[in-house]
Structure formats: structure tokens, C-alpha cells
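> Sequence and predicted structure, then a few things I'm wondering about:
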Amino acid sequence: NKYFEIGLTLVHNIEKSVSSYLRGQFLAAASVAVMSFAGLTILNLFGANLTLTVFIGIIAGLANLIPLVGPFVGMVPAILIAFMNNIGSDAAMAHQLFGVIPSPFYVLDIVVMFIIVQQIEGNLITPTLVGKSVGIHPMMVMISLIIGGTLMGPLGMLFAVPATGILKVIAQEMMFVRRNAHLL
């Protein structure tokens, strides 16, 4: 009975840590969606002829929740839509004027834009947002992702940060019990 309250506090703090992690992940996904939409809109200003940019941004944000393959999954719809939109208009016009099909430089622009978004997200946004939400330093988030990825691959990367947060909560509770054992 004397450890019942400690157990309840431990479970409550673990639940709080995991829910904060999930909130941070969804905020990071939302930031990827917004950055992808903004990047595709900028590409449209320079003649990329992309439609459904909001839809592509949402897909990129949701796909970002999947470790490693998510950024590539988010890029595929943008490339397919750009290819279909540009083949219909630019290729027909270029074929009539020059007798050739133009090279798809817009695909390279989209790939570069998604790489930039993923670099910003992976190196700045996720470590900061997720680290703050779980209460872990951003460098510790990166280290836990590397360790999780090395030990268990993408699944390890998915569970590395919440596992680190849980270990932190358990360590804090153990230190509290150790310091205050005489009061129990």
C-alpha cells in the first residue's frame, strides 16, 4: 500500500509523457504539411503547373509520421500530379513547336523542395517540438533516434523517443522514492 500512490503517479506521468510525444509528432506533421504546401505554391509561382497543393501538403504531413519512408511517400503524389499536369499542356505545345518532348525539370524542383522541407523538419522542428513536449533535450532525441534505428530499424525509430521519455519518468520517480524513502 505504501507504494500505491507512487505507482499511480508513475502511470500518470508516463501517460502524460506519451500523450505529449504524440502531440509533438502531430505538430511536426502539421508543420511538414504547411511547409510542403508553401513550397509547392512557390513552385507554382515559377510555372510548375501543380494542382491539389493542399491535398499534397496534407498527404506529405501524414506520411511524415512514418519513419524513413514517409518523406518519400509524401513526395510521390506531387511528382505524379506534376507529371500529369505538365505532360498534358507543356509536352503537347513543345511537340508542336519543336517536335520533342521537354525534359521534366519540374520533378527535380519538387524533389529538391521536399528534401529541403525534410531537412528543416528532421533537424530543427522534430527534435525541438518532440523534445519540448516530452521534456527531453533535442540532442537526446537525436541520440535516442539513432540508437532506436540501429537496434530495431524504422520500428525502433518510431518508439525510441517515447521509450526514452518513459525511462526518464521512471528514473525521476525512482530518485524521488530514494530521496523520500524515510517518509514512506
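Good, I have the coordinates.
> For the rest of this, base every contact and every neighbour count on C-alpha atoms.
Will do.
> Can you list the low-confidence ranges for this protein?
Along the chain, segments meeting pLDDT under 70 span 1-2, 67-68, 86-105, 183-184.
> one more time with 80, if that's ok
Residue ranges of the chain with pLDDT under 80: 1-3, 46-50, 66-71, 82-106, 127, 130-133, 154, 180-184.
> Strands of that one, start to end?
Here the chain has no strands by DSSP state E.
> the helices in it, which residues?
Assigned by DSSP state H, the chain shows helices spanning 4-45, 53-63, 70-86, 92-98, 105-120, 126-134, 138-179.
> Same list (the ones you listed) but as TSV, adding mean neighbour count.
Converted to TSV, those look like this (neighbours: other C-alpha atoms under 10 Å):
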stretch	mean neighbour count
helix 4-45	18
helix 53-63	22
helix 70-86	18
helix 92-98	12
helix 105-120	16
helix 126-134	22
helix 138-179	17
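> ok, the residue most central in space within the chain - contacts?
By C-alpha atoms, centre = their mean, the chain has its centre lying nearest to N64, at 4.1 Å. Counting by C-alpha atoms under 8 Å, 6 or more residues apart in numbering, N64 makes contact with A29, V32, G70, P71, G74.
> let's see 10 Å
N64 makes contact with 25-26, 28-30, 32-33, 58, 70-74, 118, 121-122 under the criterion C-alpha atoms under 10 Å, 6 or more residues apart in numbering.
> next one: A28
By C-alpha under 10 Å, 6+ apart, the contact set of A28 is 22, 34, 61-62, 64-65, 121-122, 125-130.
> again, only this time at 7 Å
I125, T126 (C-alpha atoms under 7 Å, 6 or more residues apart in numbering).
> ok, now the one 10 residues further on?
With contact set as C-alpha under 7 Å, 6+ apart, A38 has no partners.
> Please determine how far T53 is located from G70.
Separation of T53 from G70 (C-alpha to C-alpha, to the nearest Å) stands at 18 Å.
> swap that for N123, please
16 Å.
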